[in-house]
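**Q** got a predicted structure here, sequence first:
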Amino acid sequence: MAEVIVALDTRTADEALGLVDELGSPAKYFKVGLELFTRGGPAVVHALRERGKRVFLDLKLHDIPNTVAGAVKAASALEVDLLTLHVSGGRAMMEAAREAAEAVPGTPPRLLGVTVLTSLDRGQLARIWGRSTDDADGGVEEDVVRLAELARGSGLDGVVASPQEARALRRAFPQPFLLVTPGIRPAGRAPDDQRRTATPGEAVEAGADFLVVGRAVTGTRDPAPSFQAILSQVRRAHSTSPEAGVP
Ligand code: C5P
């Protein structure tokens, strides 16, 4: 069954851990992103591991192969389960990351590629990569699939993608290639600043293995029942679409 990862987008480690304790044992995976990691450091990851939680460390690494390999080794020693890096860092960088993850004793983190940031549109992509806007027409999904292919060929375990791209990616890359989708909103909840959202059920049906959920849990008055409601929607989607998600 697809797993739900709660994004700990809090300002302090105390706030984050308070939320973790409030959600209790049904919540197994937590995302630590750049802000929380920069503020709380490895201590936040240690505190989560001590509570028996699995960690998605979303650092979106992007540097020369040697530097990324060093960071991947350090993250692997923290016993994180999932770690992100930018596919645009290139094959050598991703291969170095793979090798570094395997070199640390214990279970290596699963490495996820960031393809095209969802904050970028076609026009911005065209300007960044020096293409004419005509060339970029209809090109975002094509770019995402091409970069996912490069990620897979370089030894990564999967990619992060919006639920809309998940369907095309799943068609091109069957399991066990992992699809991790943020932008999840239960039916009826406002999209906030997200533009390409899907309900938990839609994300599961599109083939997501992990759903990253932030404000739909953390921004509610009662996070624990909000989380349970999302879990029920995931379960329901699996029962009506049994081939979806990781078994
Ligand atoms: O609050 P919300 O559910 O929108 O949070 C989603 C989480 O997923 C946030 O931590 C956000 O940074 C992250 N994310 C995203 N879109 C991406 C990649 C990561 O929303 N493309």
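**A** Thanks, I have the structure now.
**Q** pLDDT of the host helix or strand of residue 146, averaged?
**A** Assigned by DSSP states H and E, residue 146 belongs to helix 139-153. Rounded to a whole number, the mean pLDDT of helix 139-153 is 91.
**Q** so residue 37 is in which element?
**A** Element membership of residue 37, judged by DSSP H and E, is helix 34-40.
**Q** rewinding a little: who does the helix or strand following the helix holding residue 146 pair up with?
**A** As assigned by DSSP H and E, the chain's next helix or strand after helix 139-153 is strand 158-160. On the basis of DSSP bridges, the sheet neighbours of strand 158-160 come out as strand 110-114 (parallel), strand 178-181 (parallel).
**Q** toward the C-terminus, what is the element adjacent to the helix holding residue 37?
**A** Criterion used, DSSP H and E; the element after helix 34-40 is helix 42-50.
**Q** tell me the buried residues in that next one?
**A** By neighbour count on 16 or more other C-beta atoms under 10 Å, the buried set for helix 42-50 is 42, 44, 45, 47, 48, 49. For the C-beta atoms, the positions are set from N, CA and C on the backbone; glycine is no exception.
**Q** tell me what it is packed against?
**A** Applying 3 or more C-beta pairs under 8 Å, 6 or more residues apart in numbering; DSSP states H and E, one finds that helix 42-50 makes contact with helix 13-23, strand 29-32, helix 34-40, strand 54-61.
**Q** could these go into CSV alongside mean pLDDT, distance to the ligand and mean neighbour count?
**A** Output for those, formatted as CSV (pLDDT from 0 to 100; distance: least, C-beta to the nearest ligand atom, whole Å; neighbours: other C-beta atoms under 10 Å):
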stretch, mean pLDDT, distance to the ligand, mean neighbour count
helix 13-23, 97, 12, 17
strand 29-32, 98, 6, 22
helix 34-40, 95, 9, 16
strand 54-61, 98, 7, 22
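**Q** can you redo the ones you listed as TSV with distance to residue 151?
**A** Shown next, in TSV, are the helices and strands packed on helix 42-50 (distance: least, C-beta to C-beta, whole Å):
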stretch	distance to residue 151
helix 13-23	29
strand 29-32	19
helix 34-40	20
strand 54-61	13
